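S.K.: predicted structure and sequence below. I'll ask about it afterward.
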Amino acid sequence: MSMEELIDQYFRPGRLPHIWCPGCGHGVVTGCIVKAVDKLALSKDEVAVVSGIGCSSRASGYLDFNTVHSAHGRALPVATGIKLADPKLTVIVVTGDGDATAIGGNHLIHAARRNIDMTVVLYNNSIYGMTGGQYSPMTPVHAKATTAPYGTIERDFNVAELVKAAGATFVARSTSFHAQMTTDLIAKGIAHKGFSLIEVVSACPTSYGRQNKMGGPADMMKWQRDHGVPMVAYEKLSAEDKLIKFPIGLLYEVTDAQEYTEAYEALIAAAKGGK
Amino acid sequence: MSLKIHLNRCKGCGICVAFCPKQVLAVSEVEKVEIVDESKCIKCGQCELRCPDYAIFVEK
Ligand SMILES: Cc1ncc(C[n+]2csc(CCOP(=O)(O)OP(=O)(O)O)c2C)c(N)n1
Ligand code: SF4
């Protein structure tokens, strides 16, 4: 299917243009989700998309699947309920860096710890876009935000390392520039049985870009191109370069860990059998 | 015509213009994409791949 046909097929009719600002990377990431679903030949009814609140979380309203636009930070508990009620569903969580790691941070580590089979696409624009550019736990230290006019003094989360330590079994990073890689990683994350998180570095030209003098939308995409380095090449960078660049691609995967809904079904079977 | 544009979706961000390797596109005065010279298009698909608004497609 052509990209135009994919948009017609998987977007709710009459919802475009979307509300994202000119040059916002979130549209590219959402396009990648649609391409990944199509790649796996999943029907609309087999997929549930759950989001929290934020510019990124608006994606659930555009997509023509089973969708829930939940409360801020609460996409994962809602998604967990859906997955437990019907483990056959492919559950995709759409979230922002603020939604997932600030107000929703506790849900994130526990969903990862349980290794429940779902795929989190974390749109990381390094800021609270929707509410006017406050810093999030993923705003790089020293970067500016409306709540940090001199640059934030808080150290930022490396969400990939965070969920890996918490128990996630598929962890990847990409950018809205590396669109084909993003599609590929989302498809792999969906196919992976267990908790998958794909961090996609997105661009918020309106808030983050403007406050940090990163130029326009195209400049922000070029920044992603120049700073996102495939894991193998990243390992070979100098210590200095490692600080300003970041690794992309599949960062971590284990396939033999216990998945939560399977453990739960086994428990139900055992309880019913009177064991 | 190999380029298909949905003007109602375009917000004039200029990403397609910046990534087109053949200077086929421009942003017009009304902040929408416009085709400058379609004969130069090599159908590489950069504009379609990078457009955040699903506003430009390359018909193969
Ligand atoms: C309980 C609650 N607290 C605060 C808010 C205000 N709020 C809305 S979106 C948002 C942050 C969104 O940031 P992020 O998740 O990074 O998404 P982005 O908008 O950057 O895509 C906040 C704090 C809210 N809607 N609900
Ligand atoms: S405020 Fe930022 S994240 Fe939100 S739509 Fe605009 S550019 Fe995108």
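M.R.: Yep, it's here. Residues are numbered from 1 along each chain as shown, chains lettered A, B, ... in the order given. Ligands and ions are numbered 1, 2, ... in the order given.
S.K.: state the number of residues packed around A:Ala218.
M.R.: 19 (other C-beta atoms under 10 Å in any protein chain shown). (Glycine included, C-beta is placed from N, CA and C.)
S.K.: run a quick neighbour tally on the residue of chain B found nearest ligand 2.
M.R.: As assessed by C-beta to the nearest ligand atom, ligand 2 sits closest to B:Pro52 within chain B, at 8.7 Å. Using other C-beta under 10 Å, B:Pro52 has 28 other residues around it.
S.K.: just A:Gly133 next, same as before
M.R.: Number of residues near A:Gly133 (other C-beta under 10 Å) recorded here: 25.
S.K.: tell me the confidence at it?
M.R.: Residue-level confidence at A:Gly133 comes out at 98, pLDDT.
S.K.: now do the contacts for B:Thr47.
M.R.: That one is not Thr; residue B:47 is Cys. B:Cys47 makes contact with B:3, B:16, B:19-20, B:24-25, B:56, B:58, according to C-beta atoms under 8 Å, 6 or more residues apart in numbering or on different chains.
S.K.: ok, A:Arg113 next?
M.R.: Contacts of A:Arg113 were listed using C-beta under 8 Å, 6+ apart, and they are A:166-167.
S.K.: about what we covered before: between which two of the contacts of B:Cys47 is the distance greatest?
M.R.: Across these, no pair lies farther apart than B:Leu3 and B:Phe19, at 13.9 Å, counting by C-beta to C-beta.
S.K.: look at the closest residue to ligand 1 within chain B and report its pLDDT.
M.R.: Residue of chain B nearest ligand 1, by C-beta to the nearest ligand atom: B:Pro52 (13.0 Å). On pLDDT, B:Pro52 comes in at 98.
S.K.: also A:Gly273?
M.R.: In this prediction, A:Gly273 has a pLDDT value of 89.
S.K.: what about it, distance to A:Pro87?
M.R.: 19 Å (C-beta to C-beta, to the nearest Å).
S.K.: one more: A:Val37?
M.R.: 18 Å.
S.K.: in terms of neighbours, single out the busier of these two.
M.R.: A:Val37 (26 against 16).
S.K.: you'd agree the more buried one is up against A:Tyr10?
M.R.: Yes. Using C-beta atoms under 8 Å, A:Val37 makes contact with A:Tyr10 at a distance of 6.8 Å.
S.K.: joint contacts of these two?
M.R.: Both A:Val37 and A:Tyr10 are contacted by A:Phe65, under the criterion C-beta under 8 Å, 6+ apart.
S.K.: show me where chain B has strands.
M.R.: B:3-5, B:25-27, B:33-35, B:56-58 (DSSP state E).
S.K.: mind checking which of the ones you listed is nearest A:Val141?
M.R.: Per C-beta to C-beta, nearest to A:Val141 of the strands of chain B: strand B:25-27, 35.1 Å.
S.K.: what lies in contact with that closest one?
M.R.: Here strand B:25-27 makes contact (C-beta under 8 Å, 6+ apart) with B:12, B:14, B:16-17, B:33-36, B:47, B:56.
S.K.: buried subset of those, written for PyMOL?
M.R.: Filtering the contacts of strand B:25-27 down to the buried ones (16 or more other C-beta atoms under 10 Å in any protein chain shown) takes a single PyMOL command:
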select buried, chain B and resi 12+14+16+17+33+47+56
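S.K.: local confidence estimate at whichever residue of the stretch 101-250 of chain A sits closest to chain B?
M.R.: Chain B sits closest to A:Ala218 of the stretch 101-250 of chain A, with a gap of 3.4 Å, by C-beta to the nearest C-beta. A:Ala218 is assigned 98 on the pLDDT scale.
S.K.: just the contacts of B:Cys47 now: which is nearest A:Gly105?
M.R.: For the contacts of B:Cys47, the nearest to A:Gly105 is B:Phe19 (35.2 Å; C-beta to C-beta).
S.K.: number of nearby residues for that closest one?
M.R.: B:Phe19 is flanked by 19 other residues according to other C-beta under 10 Å.
S.K.: separation between it and B:Ile56?
M.R.: For B:Phe19, the distance to B:Ile56 - C-beta to C-beta - is 11 Å.
S.K.: contacts only, for the closest residue in space to the residue of the stretch 101-250 of chain A closest to chain B that isn't next to it in sequence.
M.R.: Among residues not flanking A:Ala218 along the chain, B:Ala18 sits closest, at 3.4 Å (C-beta to C-beta, 6 or more residues apart in numbering or on different chains). Contacts of B:Ala18 were listed using C-beta under 8 Å, 6+ apart, and they are A:218, A:221-222.
S.K.: how about CSV for the strands of chain B, with mean pLDDT added?
M.R.: Below are the strands of chain B laid out as CSV (pLDDT from 0 to 100):
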stretch, mean pLDDT
strand B:3-5, 97
strand B:25-27, 98
strand B:33-35, 98
strand B:56-58, 98
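S.K.: many thanks, have a good one.
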